[in-house]
Structure formats: C-alpha cells, structure tokens
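Participant: sequence-free structure coming up:
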C-alpha cells in the first residue's frame, strides 16, 4: 500500500513531545510515517466455524487476493485494496468463518495461549475479537469469562460470541475491577482501555482532542487498577497478558512497574523471535513487546506476567 500525502506535521503536539522524549527524533519520525498508512484489511480464520481451506477457497472464488502471515496460520492479509464492505458481503463472513481483526490485536491471545480445561478471564472483552480468538485457540475447550461494563457494548460482544461459535464464553456486564475476590483464573487477558496512541488516525477530527495530559493520566490510572485486580484474580504460578494499543511508556511499562509494586508477580519474556516480521520499538522493561505502527501493523504493547 502506498502512503497518503504526508500528515507528519499534524501529529498532536502533546503526542509528538511524548514520542520525542521516549524514542528520540529518528524513531518519532518513523512512527509518524507509520500513522500515515491506510493499512490493508486483515482477518482471522475462525476455525470454530470454518477451516483454512474453506476460507481460502471462498476468497479465491471471489477473486480476492490474500497473503499468509508468517506467525499465524489463521491470519490473512487482504490485497489489491479491497476494504471491509466487500468482505462483509461474503457468506463466509456472514456465517462467522472469518473475523476482521488487525494483526497487532491478534498478538495478545497468541502470547497468552489459552488451552483446554483452563479458566480464562477477559477483563475488557468487547467487541470480542480477542475473546473469540481465545475460544478458537483452545478449540472451545477453555472456559472464558468475558467482562464488559457497557450494556450496549456487551450486547455486541454477545452477538459476536454467538456468531463465532464460541460456546464456552460467559459474558458478565460488569466492570472487571468489581469482580469478587472469590473468583480465580488460570489465565487472564487484560487488553486495557487506552489513549490509542498506537492506532492514531490522522484523518479523525478528534485526534488532537483525545490525546492530552488529562486523558493520559485517566487511562494510566484505570490501567493500573485493572492490572492489579487481574493479578489478584490469577491463580499462583499462572499467567496474565497485559496489552494496550498505545506506544507510550506511561500506559505500558510504567503501569506494569506500578502494578508489580503492589502484587508479587514477574515479567516472563515474550519470545519475539516467533514474531520476526513484526516491527518493534525499544522497550523499557526487557521481555515486553511494543509494536511500531507501519504499513501493516498498528502500534501495540504486550507484557506477559506470572504470579
């Protein structure tokens, strides 16, 4: 995909200052160029509804070109500039055989790797991409509790869960911070609400308004509260994956450090060699992973913690 006309100068001043302080000028310019791309549509084959052969045959029949992703048999990149509306017309989409999902957002469930017989908590689950991905990874043999405090978003979550055939997911319309401490889980996924600094769309009119010191502080406070709660709901010796679609240290490494001061847990290094084609930014905590926005990937942070 080609780049649009340069929008580098339109990066909100607040964000640019943060990026310069954290990454330096060269990486900030690289991130700015990454914001400019219109990324190709990417999708995940939902093996609870269709196998890879059925999906690729359906795409081929419609003369839709695609490319395999090296780190996942289920992830495909759609080529030739085909956008979401065309894919949503396909029967394989309508029956839940594919789920439109960004490549970066597929990483946290793969790193958590939920398995058969495990109890899993998804703390901020809507609209359900990662929830249903975890159901597929476990072949519907993990018991997943999916929390969403907003009723309308929870309805969308339930719709996607049913459509994707994720039969062992229980939706709770609640703030995960309010879960009773008698709950305990083998694995926890916290894809936390954030400022979206990794997924900034320079064409959105509210981009500058949404990113400021106040919104950053609010996001970081919520993230820390959720992460501490998630660790407290985790069984000893088990793992939590924390992720955001931010590339700012205040929402990522700083949140992890603060949480680990309150709950005894440790960072388990992510094997980034398994994701060799993913563009990475330097991190302040060794073993964590921060994806650099580019022509295919959104900015994203992932940390793997063990109690």
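Facilitator: Cool, got the structure. Here the structure is a predicted model, which is why all the values come from computation and not from measurement.

Participant: For the stretch 201-307 of the chain, which segments count as strands?
Facilitator: Ranges of strands in the stretch 201-307 of the chain, per DSSP state E, counting those that start in this stretch, are 234-244, 266-267, 280-281, 289-291, 300-306.

Participant: So what are the sheet partners of the first one and their directions?
Facilitator: Strand 234-244 has the following sheet partners, assigned by DSSP bridges: strand 185-191 (parallel), strand 300-306 (antiparallel).

Participant: For that strand, buried residues please.
Facilitator: Neighbour-count burial for strand 234-244 flags 234, 238, 239, 240, 241, 242, 243, 244 (criterion: 16 or more other CB atoms under 10 Å). C-betas here are computed from N, CA, C, even on glycine.

Participant: which among those residues gets closest to residue 181?
Facilitator: Closest to residue 181 out of the buried residues of strand 234-244 is residue 234 (11.5 Å), distances taken as CB to CB.

Participant: ok, the closest one touching residue 184?
Facilitator: Yes - using CB atoms under 8 Å, residue 234 makes contact with residue 184 at a distance of 7.2 Å.

Participant: returning to that earlier point: out of the strands of the stretch 201-307 of the chain, nearest to residue 146?
Facilitator: Shortest distance between residue 146 and the strands of the stretch 201-307 of the chain, using CB to CB, is found for strand 234-244: 14.8 Å.

Participant: okay, which residue is most central for this structure?
Facilitator: What sits nearest the mean C-alpha location of the chain, by CA atoms, centre = their mean, is residue 105, with 2.9 Å.

Participant: tell me the SS of it?
Facilitator: Of the three states, residue 105 takes helix according to DSSP: H, G, I helix; E, B strand; the rest coil.

Participant: Return the residues in contact with it.
Facilitator: 129, 130, 191, 245, 298, 300 (CB atoms under 8 Å, 6 or more residues apart in numbering).

Participant: re the thing from before, any chance of the strands of the stretch 201-307 of the chain in JSON lines, plus distance to residue 48 and mean pLDDT?
Facilitator: Formatted as JSON lines, these follow (distance: least, CB to CB, whole Å; pLDDT from 0 to 100):
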{"stretch": "strand 234-244", "distance to residue 48": "21", "mean pLDDT": "98"}
{"stretch": "strand 266-267", "distance to residue 48": "32", "mean pLDDT": "98"}
{"stretch": "strand 280-281", "distance to residue 48": "31", "mean pLDDT": "98"}
{"stretch": "strand 289-291", "distance to residue 48": "26", "mean pLDDT": "98"}
{"stretch": "strand 300-306", "distance to residue 48": "24", "mean pLDDT": "98"}
